[in-house]
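Chemist: test case, fold it:
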Amino acid sequence: MKATWNGATIAESDDTVLVEGNHYFPISSLNRDVVTFSNHKTTCPWKGSANYYSLLVNGELNTDAAWYYADPKPEAEMVRDRVAFWKDVKVTAS
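Modeler: Numbering: from 1, shown residues only. The predicted model follows:
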């Protein structure tokens, strides 16, 4: 699977986990050159507290476009050390 936005590859891996329609990529597959800090957080009732990254590509910012669970609840252990995307990030078969 491949995640792209604004002409850049954000992440690419053959090892994704599909949860609630979202492909969770290994955090190690994330293109760190386009990731920036976000202090945004949300809570999922069954996965736990989500942290976010923003994306900066070709001078354009996509705020809070990636999320991850640093310490997921036990029933969501499959998303540990993984990141998922939204906000116009396209996830396609690579």
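Chemist: only C-alpha atoms for contact and neighbour calcs from this point on.
Modeler: Noted.
Chemist: residues in a beta bridge with the residue positioned nearest the centre of the chain, which ones?
Modeler: With distances taken as C-alpha atoms, centre = their mean, the chain has residue 84 as the residue nearest its mean C-alpha position (2.7 Å). Residue 84 forms beta bridges with residue 67, as assigned by DSSP bridges.
Chemist: surely it meets residue 22?
Modeler: Yes. Counting by C-alpha atoms under 8 Å, residue 22 is a contact partner of residue 84 at 6.4 Å.
Chemist: what touches both of those two?
Modeler: Counting by C-alpha atoms under 8 Å, 6 or more residues apart in numbering, residue 84 and residue 22 have no contacts in common.
Chemist: what ranges do the strands span in this protein?
Modeler: For the chain, applying DSSP state E gives strands covering 2-5, 8-12, 17-19, 22-26, 35-44, 48-57, 60-68, 82-85, 90-92.
Chemist: now do the buried residues in the third one.
Modeler: Judged by neighbour count using 16 or more other C-alpha atoms under 10 Å, the buried positions of strand 17-19 are residue 17.
Chemist: which elements pack onto that strand?
Modeler: strand 22-26 (3 or more C-alpha pairs under 8 Å, 6 or more residues apart in numbering; DSSP states H and E).
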